[in-house]
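1. What would the 3D arrangement of this be:
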Amino acid sequence: MDNPNSKQESHRPSSRLERVDQACDEYGRQWNAGASPKIESFIANAIANDRRLLLRHLLALDLSLRSESGEVFDPEDYKSRFVNEVDLIDSVIGNFLNREQKADACKDRSPTGKSTGAETTCEEVPSAIGRNDRHKIIQLYA
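-> Numbers count the residues shown, from 1 in each chain. Have a look, this model is predicted:
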């Protein structure tokens, strides 16, 4: 798509979070349709004051979608594409990996229900991420 936010052009939501949410919805729609949406396109079409927040949320969503589909991501790929946002990228990826470790620990619990050392309740860690869980997941990873 030439303009990933084309629907936003005619009616931009008034709040920053609504705009970010709408962009994330579109990114998810494109991903689920089999396209390879580019975070850069969404950032370029965003209001300047929304860009950093949008990057944080799109990165969290991208990591989640890639993980869900079994893809492996390379942190250096993101860092080379967003050279001025390395700290943000490290933060989002760190949160994502920490969450994944907790999810793996829950999978490894013994049949007796005793913990294998994870410091989380397994109810906090979703086993799969559906569209309706996206907001919760982005908050966890971002």
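2. So for the longest helix along the chain, what gets flagged as buried?
-> For the chain, the helix that runs over the most residues, judged by DSSP state H, is helix 86-107. Across helix 86-107, burial judged by 16 or more other C-beta atoms under 10 Å covers 88, 89, 92, 93, 95, 96, 99, 102, 103, 105, 106. Glycine gets a C-beta too; all of them are placed from N, C-alpha and C.
3. repeat for stretch 33-42
-> Buried residues in stretch 33-42, counted by 16+ other C-beta under 10 Å: 37, 38, 39, 41, 42.
4. Any chance of TSV for those residues, columns pLDDT?
-> Compiled in TSV, those are given as follows (pLDDT from 0 to 100):
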residue	pLDDT
37	97
38	97
39	97
41	97
42	97
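5. Among these, which ones are in strands?
-> Cross-referencing the buried residues of stretch 33-42 against strands under DSSP state E gives no overlap.
6. Out of the residues you listed, which is nearest to residue 77?
-> Of all those, the one with the least separation from residue 77 (C-beta to C-beta) is residue 39, at 10.7 Å.
7. wait, that closest one sits on residue 85?
-> No: between residue 39 and residue 85 there is no contact under C-beta atoms under 8 Å: 10.6 Å.
8. Look up the pLDDT of residue 101 for me, please.
-> Residue 101 carries a pLDDT value of 80.
9. State the distance from it to residue 87.
-> When distances are taken as C-beta to C-beta, to the nearest Å, residue 101 and residue 87 turn out to be 21 Å apart.
10. and residue 17, how many residues sit next to it?
-> 12 (other C-beta atoms under 10 Å).
11. Pull the host helix or strand of residue 25 out as PDB, backbone CA atoms only.
-> Element membership of residue 25 [criterion: DSSP states H and E] is helix 16-32. Output for helix 16-32, consisting of C-alpha atoms alone and laid out as PDB, is shown next (Å, rounded to 0.1, in the frame of the first residue of the first chain):
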ATOM      1  CA  ARG A  16      -3.000  10.700  20.300                       C
ATOM      2  CA  LEU A  17      -3.800   7.200  21.600                       C
ATOM      3  CA  GLU A  18      -6.700   6.900  19.200                       C
ATOM      4  CA  ARG A  19      -4.400   7.700  16.200                       C
ATOM      5  CA  VAL A  20      -1.800   5.200  17.400                       C
ATOM      6  CA  ASP A  21      -4.500   2.600  18.000                       C
ATOM      7  CA  GLN A  22      -5.900   3.200  14.500                       C
ATOM      8  CA  ALA A  23      -2.400   2.900  12.900                       C
ATOM      9  CA  CYS A  24      -1.800  -0.400  14.900                       C
ATOM     10  CA  ASP A  25      -5.200  -1.700  13.700                       C
ATOM     11  CA  GLU A  26      -4.200  -1.000  10.100                       C
ATOM     12  CA  TYR A  27      -0.800  -2.600  10.500                       C
ATOM     13  CA  GLY A  28      -2.500  -5.700  12.000                       C
ATOM     14  CA  ARG A  29      -5.000  -5.800   9.100                       C
ATOM     15  CA  GLN A  30      -2.200  -5.600   6.500                       C
ATOM     16  CA  TRP A  31      -0.200  -8.300   8.300                       C
ATOM     17  CA  ASN A  32      -3.200 -10.600   8.600                       C
END
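12. Many thanks, we can stop here.
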